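Peer 1: Sequence and predicted structure, then a few things I'm wondering about:
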Amino acid sequence: MNWQSVNQGGEKKTPDPVGYPVFGSSGDTLFLVYSRLGSLTPEDRAKRISQRIQGLVENDLYSSDSLTIEEVEGGLDVVYSDQIIITISPSDTVYYQAQPRELAERCRATIDSYVRVYQDEHRLGTLAMRVGLALAALLTAVGIFFLVQAGFRRLAAWVSRQDRVFRNLSYRNYTYLTKERELSLVLQLLGFFKWFLILLTLYLLLPVLFSIFPESRDWSEVILGWVLQPVRKVLRSIWEYLPNLFSILVIILFMRYLIRFVRYVFKEIEDEKLEINGFHADWAMPTYNIVRFLLFAFTLVLIFPYLPGSDSPIFKGVTVFVGVLFSLGSSSAVTNMIAGLVITYMRPFKPGDRIKIADVAGDVIEKTLLVTRIKTIKNEIITIPNASVLTGNTVNYSLQAEQQGLILHTTITLGYDIPWRKVHQTLVDAALATDSVEKEPKPFVLQTSLDDFYVSYQLNAYTRQASKQALVYSELHKNIQDFCRDRDIEIMSPHYRASRDGSEITIPKRELGD
C-alpha cells in the first residue's frame, strides 16, 4: 500500500513506509512486513508469521526440503508441509523492489537459515532438557507405584479390622454369603483397583516418554489411540443410542404399570369383589398369567427394533436359530401347556380336591401349565402330564362333597332266608354309627340283584370328608360286621363255604338251637 501526503507548497510527497518486524525465537528481526493482505493489517501479518516460524523452530523433525514455494492465484506462498508460513503478494514487491519469485526465495532462505542455525545452537540443551523430563516422568511413575502399594496395604488392613461392617447375608435358612467371604471379595476388589491404577500409570507413562523425544512422537499417538479410539467410539455409540434407550425406558415403564393395573383387576375378580357374568373367580390368576405373558411378548416386540445390533445379520441369524431350537425341542411341552390351559378353563378340579385319573387316586397338590401332581393315600407323589389328564377321564370326589355330600357305597350278599327289612335297618344303623357319615341325608339301601343263592344289598351313605374315603370305608365295614353279628345275620359275601359241624364261629347262636 502507498502512503502519500501534501506539503506546504502543494506538492505531493511519498513518506517512508512503516514496516512491522517478523521476530524469531530469540527476538531477532528477520524481515519487515509493509503491506496489507486482505483484511489483515501489516502488524497482524507480522505476528502470525512470527508464530508460524516459532512452530518451525520447535519442530525437532524440521527438514529444509519440506519448506517450499507454491504458486497461487495473485501471489506465491512459502509453505512447510501443508502449512502456509508467508504469502508474497504483488504489493509486497513494491517495497522490496524485487520480483515475486525473487522475494519469495529470499524469504524462504531467511526462514530456513534461521531455523537451522537456531536448532543447531540449542540442540545440546534441548537434549539435556528432554532427558531430564524423561527421568522426571520415570521418577513420578515410581513414586506413584510405591504410594499406591503403601496406600492399598493400609486400606486393606483397615478394612480387615471392620468386623461390625460385614454380616452374613442369608435368605431364610440359607446363608449365601458369609462375613469371611464378604471380606475376601472386598479385598479382591481393592487388589483389582490397585493393579488398575498401576497399569493405568504405566500406560500413561509410555506416551509421555515417547512424546518427549521427536523420533518417537508417532509411537505416542499410536499408543494413546489404542485406548482413546475405542473409548471415543463407545462414548459416541452411547450418545447416539440415548434416544433409543429413552424409548425403551418409556415402553418398559408403560407396560410395567399396565401389568400392575391388569393384576389389580384380576385380583379383585379372584377375591370376588368384582363379578363378571360367566367368568369364574378361579379363572382370574391363570388368565392374568396368560395376559401378562402376552404383554411381555408384546413389550419384547416393541423393544426389539431399538436394541443395538438388531438389524445385523448375526443377530437375526441367532434369533432364527433359537426359534428353530425352541420349536423342535418343545413340541411336547407346548402340547402340555395347551392342555393345561384347557384344563384351567374346564375346571375339572382344583388344588386340594380328591380325584382319580385313570388308576391313580389322591389329592391334588399342584396344578401347573405342564403337569398335575397328585398325592396318594400312601404319600406317593405322582406327576401326570396335562396332555394325559385331558385325554383321560377324571373323577372328582370333592366337587360335590362339601355341598350335597359324596355317596359312599358298598355291597354285601345275604341269603334269601333273612328278611330284607331287617337287613335294610341293620345296614342303615351300621352306617349311622360310622364317623364322618352324615345323618342327613339319611343312608339308604338298594337291592341291586337277586342271584341264585343270595340277594345283593348295596349300602349308600353320605359324607363330606372326601379325602378320608379309605378311613370311612374301613370304619363302615367294621360296623357292618359288628351289627350283622349282633343281629344274627350271616354274611355270605362274596362266597363262603363251610361245613356245618356246629361251630359257633360261623353260625349264629340262634341257628345252633338249644
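Peer 2: All right, it came through fine. Numbering: from 1, shown residues only.

Peer 1: Residue 368 against residue 337, yeah?
Peer 2: No: judged on C-beta atoms under 8 Å, residue 368 makes no contact with residue 337 at a distance of 9.3 Å. Glycine gets a C-beta too; all of them are placed from N, C-alpha and C.

Peer 1: Any idea what the nearest residue to residue 89 once chain neighbours are set aside is bridged to?
Peer 2: Taking C-beta to C-beta, 6 or more residues apart in numbering, and ignoring the residues beside it in sequence, residue 89 has residue 75 as its nearest neighbour in space, at 4.5 Å. Residue 75 has these beta-bridge partners by DSSP bridges: residue 72.

Peer 1: how near is residue 75 to residue 33?
Peer 2: Distance of residue 75 to residue 33, given as C-beta to C-beta, to the nearest Å: 14 Å.

Peer 1: Between the two, tell me which one has more neighbours.
Peer 2: Higher neighbour count among residue 75 and residue 33: residue 33, with 25 against 17, using other C-beta atoms under 10 Å.

Peer 1: Wait, that one touches residue 49, no?
Peer 2: Yes: contact between residue 33 and residue 49 holds when scored by C-beta under 8 Å: they sit 7.0 Å apart.

Peer 1: Now list whatever residues contact both of the two.
Peer 2: Common contacts of residue 33 and residue 49, defined by C-beta atoms under 8 Å, 6 or more residues apart in numbering, comprise residue 22.

Peer 1: Quick one: mean pLDDT over stretch 54-65.
Peer 2: Model confidence over stretch 54-65 averages 81 on the pLDDT scale.

Peer 1: no no, stretch 148-166
Peer 2: Rounded mean pLDDT across stretch 148-166 is 86.

Peer 1: Output it as CSV, restricted to C-alpha atoms.
Peer 2: Below are the C-alpha coordinates for stretch 148-166, written out as CSV (Å, rounded to 0.1, in the frame of the first residue of the first chain):
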residue,chain,number,x,y,z
VAL,A,148,-0.4,-46.9,45.6
GLN,A,149,1.2,-50.0,47.1
ALA,A,150,1.5,-48.4,50.6
GLY,A,151,-1.9,-46.8,50.4
PHE,A,152,-3.7,-50.0,49.5
ARG,A,153,-1.8,-52.0,52.2
ARG,A,154,-3.1,-49.6,54.8
LEU,A,155,-6.5,-49.6,53.3
ALA,A,156,-6.7,-53.4,53.3
ALA,A,157,-5.5,-53.6,56.9
TRP,A,158,-8.2,-51.0,57.9
VAL,A,159,-10.9,-52.9,56.1
SER,A,160,-9.9,-56.2,57.8
ARG,A,161,-10.4,-54.6,61.2
GLN,A,162,-14.0,-53.6,60.4
ASP,A,163,-15.8,-56.6,61.8
ARG,A,164,-19.0,-54.8,62.5
VAL,A,165,-19.5,-53.7,58.9
PHE,A,166,-19.6,-57.3,57.5
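
Peer 1: Buried ones in it, by neighbour count?
Peer 2: For stretch 148-166, a neighbour-count test (16 or more other C-beta atoms under 10 Å) marks 148, 152, 166 as buried.

Peer 1: And these, which is closest to residue 227?
Peer 2: Closest to residue 227 out of the buried residues of stretch 148-166 is residue 148 (19.6 Å), distances taken as C-beta to C-beta.

Peer 1: give the contact list for that closest one.
Peer 2: Neighbours of residue 148 in contact, by C-beta under 8 Å, 6+ apart: 194, 197-198, 201.

Peer 1: if you set the cut-off to 7 Å instead, what comes out?
Peer 2: By C-beta atoms under 7 Å, 6 or more residues apart in numbering, residue 148 lies in contact with 194, 197-198.

Peer 1: Next step: those restricted to helices.
Peer 2: 194, 197-198 (DSSP state H).

Peer 1: about what we covered before: tell me which of residue 368 and residue 337 has more neighbours.
Peer 2: residue 337 (16 against 12).
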